[in-house]
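J.: Provided below are the primary sequence and the corresponding predicted coordinates.
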Amino acid sequence: MEQVEIFGIDTGGTMTDTIFVDSIGRFTVGKAQTVPEDESKGIDKSIDNALSYWDVRKEQIMPQLNRSIYSGTAMINRLLSRRGRNTGLIITKGLEDTLRLEKAVQTWLGKSYEDRLHSVTHEHNDPLIPMERIRGVRERIDPLGDIAIPLYEKETAQAVEELLEQNIEAMCICFLFSYLNPVHENKAKQIALDVMAKVGKQVPLFLSSEVHPFWGEFPRLNTVIAEAYAAEPSRQQIFKVEEMLKMSGSKADLRIMASHGGTIDLQTSQLSRSLLSGPIGGLVGANFLGEKLKLENILATDLGGTTFDIGVVTKNRINISLRPVVSHFLFNLPMVDVTSVGVGTGAILSFDEYGQRVKIGPVSAGDQVGLCYEQGNVTQPTITDCAVILGLLNPENFLGGEIILNKQRALDGLNEQIASRFGKDPYATASGIIDMQEARMRDELRAVILGKGYAFSDYVLLSYGGAGPLHVGNYSHGLGFKDILIPGWAAAFSAFGCTCAPYEYRFDKSIMLYVPPNAEDQAKMAVAKGLNGTLDALEERVLAEFALKGYDRSAVTLHSIVRVQYKGQVTDLEILSPKQRFSSPDDVDALIEKFEEHYTEIYTRSARFPEAGFLITGAASVGAVKTKLPELPKQEMGPAQPSSQALKGKRDVFWKGAWEKAEILEMNELRPGNVVLGLSIIEDPATTLVVPPGKSVYLDEHRIFHMKEQ
């Protein structure tokens, strides 16, 4: 057996996926129910499941690993469940109510379309820090970064003392415009350290100007609070995972998938960058797949038990958002641009008395699956229940038969709670509910692609996640994609994507540098000086993170990123800088030219507006070290006809209002070159691929299914 080198983890709200990759690119995937209170238990079971397909024991494989990557939901779950540290906040005086007032947009972020329309359903989030643990102090940095009001040092010292008396476990400091000039935050930090030494009580300090010095006061406040409130407790949860891996024999350090698409060390000073890592891994994997298969444009769709996540790869580039929305919170940190919708297969179904309609989600049953899972505590039906009722899912094949689902219990619950309210047959009701779910997913795809001005015919759809193959035939129907790809390892594709990510750190900072139209060389050199100073400081932060693991400067590949927009516009674009540093007016011209090229790709040439001049709004330094990446599997091609070993028989399926016989096949027995016509159901222990009538799938040499119209 070849050396097993890479191990990836994706701990979702419902299932935990793992993947092992050997030196020639072969891999095995495992799946188990997530254990939210101790993720290491679910990961351990998933490891056993994965290695069972290779018929090997953990003790044989774990010592071989040289790279382990974790992605999961520990931190965001801690935020949502309010299980973080007892945190205090010192803020600019007059802004003490910021967390209670929020920004108006945050009261409807992440809600369903219906709820966005009706303001009566909008609710304020419960503040992560209550008013009694917030203190305002007088100070003011103006919008140009100059001191308008000096920091009132006695007020600051008093604020620190009062917060310490409340037995806080962490303290945040967030002042207005500190991203332009951190002098007051730095001074407040020193005062806090002096007070702590005086009273003999130490707590960690978090400064917004250090965590992510970018404009946007409210999301910057959320971000620094997330670091203080949730990061350290989550770090302890991930330490449990690392300890479990070491107990199994692994000697590899556990790294974490970061929001910007790279992996970072568990000891990093900014763990909040892994706030939402699961969906990120899938999009990184999609980009990796695109590079290997020469596909420039990919629409990546990840359907799991909790959410439907959508990401776009255009010209082999993943867009980075600096103000992402994560579960009703607006943050200020670099994150791969992913749209998440609460229509996963664990979505709870309810009857809306007011509208006399079925409501799907956004609350999910999570690891409890649905009514069909008797050991769970779910009292309402879910999308999974509907799939079991219709015969799309085999109740005896869930997680390879590890869990037996109760179809009758799901049928009775759906009939009693929903179908009977309409006077409808429960099978027709279940079919209609899945049609509604898939139509909403189809609408979300339209919004993402058409909303950006792209065309479906230029994009390949990639479907993955445990439930993606089950529904892709319908949610992609009629959209006209260039191709539809379903990897044979779709259930663990996000974990696979983690193994494709570089070992990388990124630090950003807001700046405001104006390049007038037809700027003189002197003005360009002033811009170059400002950019160089910012990039120097950011680069040192990147190198300091790598130094924690013993990497010196020579081992790190660095590149610079600059964000540019036309002056007066509200949206900037991220540009990979043509120069590491800017030493001449020509270097600034090259940056502007590259911005305009990228702008033309997105908005067409006629939309350019150079007459307004150019505003450089931010800079980032990114550093990476070389790591081993997986290879795609490659097998010999065979005949179009599947072998008899792949055929498992037929099953009754309720399809679009009528019962039909579906051919059932075993995914692992299919060979490259095989073609399967619909209506067929291809089963795997970790996922189920449904081929609708009128469509077919073809398995290629990389064990990727291609779905087409017949």
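T.: Everything's here; your move.
J.: contacts for stretch 360-368?
T.: 13-15, 33-36, 110-112, 305-307, 341-344, 346-349, 376-378, 382-384, 433, 436-437, 440 (CB atoms under 8 Å, 6 or more residues apart in numbering). Placement of C-beta: from N, CA and C, glycine included.
J.: could you rerun that using 6 Å?
T.: Here stretch 360-368 makes contact (CB atoms under 6 Å, 6 or more residues apart in numbering) with 13-14, 33-34, 306, 342-344, 346-348, 376, 378, 382, 437.
J.: do stretch 272-290 as well
T.: With CB under 6 Å, 6+ apart, stretch 272-290 has contacts from 10, 12, 71, 75-76, 226-227, 231, 256-259, 261, 298, 300, 302, 309, 311, 313, 316, 318, 326, 336, 338, 462, 493-494, 496-498, 500-501.
J.: what about Ile134, neighbour count?
T.: 22 (other CB atoms under 10 Å).
J.: the contacts of stretch 360-368 in strands, which ones?
T.: Of these, the ones assigned to strands by DSSP state E are Gln33, Ala347, Ile348.
J.: nearest to Arg235 among those?
T.: Gln33 (23.7 Å; CB to CB).
J.: which residues are in contact with that closest one?
T.: Per CB under 6 Å, 6+ apart, neighbours of Gln33: Asp367.
J.: so how far is Gly42 from it?
T.: In this view, Gln33 and Gly42 are 6 Å apart by CB to CB, to the nearest Å.
J.: kindly report the same for Val29.
T.: From Val29 to Gly42 the distance is 14 Å (CB to CB).
J.: equivalent analysis for Ile404, please.
T.: From Ile404 across to Gly42, the span is 19 Å (CB to CB).
J.: so which of these two has more stuff around it?
T.: Between Ile404 and Gly42, counted using other CB under 10 Å, Gly42 has the larger neighbour count: 26 against 15.
J.: correct me if wrong, but Asp412 is in a helix.
T.: Yes: counting by DSSP: H, G, I helix; E, B strand; the rest coil, Asp412 falls inside a helix.
J.: Three-state assignment for Ala495, please.
T.: helix.
J.: what's in contact with stretch 693-706?
T.: 473, 483, 485-488, 632-635, 637, 670, 672, 674-679, 691, 707-710.
J.: make it 8 Å
T.: Residues contacting stretch 693-706 (CB under 8 Å, 6+ apart): 293, 469, 473, 483-489, 632-637, 655, 660, 670-679, 682, 689, 691, 707-710.
J.: buried residues in it?
T.: Lys695, Ser696, Val697, Leu699, Asp700, His702, Arg703, Ile704, Phe705 (16 or more other CB atoms under 10 Å).
J.: give me the distance between the two termini of it.
T.: Terminal residues of stretch 693-706 lie 15 Å apart, using CA to CA, to the nearest Å.
J.: then stretch 247-257?
T.: 22 Å.
J.: all further residue positions should be reported with the first residue as 52.
T.: Happy to do that; since the first residue is 52 now, the last one works out to stretch 298-308.
J.: what mean pLDDT does it have?
T.: Averaging pLDDT along stretch 298-308 yields 89.
J.: buried residues, that stretch. List them.
T.: Buried, per 16+ other CB under 10 Å, within stretch 298-308: Ser299, Ser301, Ala303, Leu305, Arg306, Ile307, Met308.
J.: does the last one have beta-bridge partners, and which?
T.: The partner list for Met308 in beta bridges (DSSP bridges) reads Thr314.
J.: same thing with Thr608?
T.: Ala675.
J.: check which helices and strands the helix or strand hosting Arg702 sits against.
T.: Using DSSP states H and E, Arg702 falls within strand 698-706. Where contact means 3 or more CB pairs under 8 Å, 6 or more residues apart in numbering; DSSP states H and E, strand 698-706 is packed against helix 434-441, helix 477-502, strand 709-717, strand 731-734.
J.: could you break this structure into its assigned domains?
T.: 135-274, 555-676, 686-761 (automatic domain parsing).
J.: span of the first one from start to end?
T.: Looking at domain 135-274, the gap from its leading to its trailing residue is 14 Å under the measure CA to CA.
J.: now, which of the ones in strands among the contacts of stretch 411-419 sits nearest Asp559?
T.: Closest approach between the ones in strands among the contacts of stretch 411-419 and Asp559, by CB to CB: Ala398, at 34.7 Å.
J.: need phi/psi at the residue lying closest to that closest one once chain neighbours are set aside.
T.: Spatial nearest neighbour of Ala398, chain neighbours left out: Gly412 (3.5 Å); criterion: CB to CB, 6 or more residues apart in numbering. The phi/psi pair for Gly412 (degrees, to the nearest 10) reads phi 60, psi -160.
J.: count of neighbours near Gly412?
T.: 23.
J.: surely Arg497 is in contact with Leu530?
T.: Yes: Arg497 is within contact range of Leu530, at 7.3 Å (criterion: CB atoms under 8 Å).
J.: the two: who's more crowded?
T.: Leu530 (17 against 12).
J.: apart from its chain neighbours, what residue comes closest to the more buried one?
T.: Excluding the flanking residues, the one nearest Leu530 by CB to CB, 6+ apart is Phe507, at 4.8 Å.
J.: between the buried residues of stretch 298-308, which sits nearest Thr622?
T.: Nearest member of the buried residues of stretch 298-308 to Thr622, counting by CB to CB, is Met308, at 26.7 Å.
J.: ok, now how distant is the closest residue to Gly267 other than its chain neighbours from Glu571?
T.: Nearest residue to Gly267, sequence neighbours excluded (CB to CB, 6+ apart): Asn383, at 5.0 Å. According to CB to CB, Asn383 and Glu571 sit 34 Å apart.
J.: report pLDDT for the nearest residue to Gly333 once chain neighbours are set aside.
T.: Spatially, and ignoring its direct neighbours in sequence, Gly333 is nearest to Ser545 (4.0 Å; CB to CB, 6+ apart). Listed pLDDT for Ser545 reads 88.
J.: in the stretch 202-351 of the chain, which spans are strands?
T.: Counting by DSSP state E, counting those that start in this stretch, one finds strands in the stretch 202-351 of the chain at the ranges 221-225, 256-258, 305-308, 314-316, 349-354.
J.: can you tell me which of those has the worst average pLDDT?
T.: strand 314-316 (a mean of 84).
J.: neighbouring contacts of that one?
T.: With contact meaning CB under 8 Å, 6+ apart, strand 314-316 is reached by 120, 304, 306-309, 321, 324-325, 549, 552-556, 596, 599-600.
J.: buried ones among these?
T.: By 16+ other CB under 10 Å, the contacts of strand 314-316 give 120, 306-309, 321, 324-325, 549, 552-556, 596 as buried.
J.: beyond the helix or strand of the chain with the lowest mean pLDDT, next helix or strand please.
T.: Least confident helix or strand of the chain, by mean pLDDT, DSSP states H and E, is helix 164-168 with a mean of 66. Going down the chain from helix 164-168, the next helix or strand is strand 185-188, by DSSP H and E.
J.: got the phi/psi numbers for Pro567?
T.: Here Pro567 shows phi and psi, under degrees, to the nearest 10, equal to phi -70, psi 160.
J.: quick one: the strands in the stretch 52-201 of the chain?
T.: 55-62, 66-73, 78-84, 118-122, 138-143, 185-188, 191-192, 198-200.
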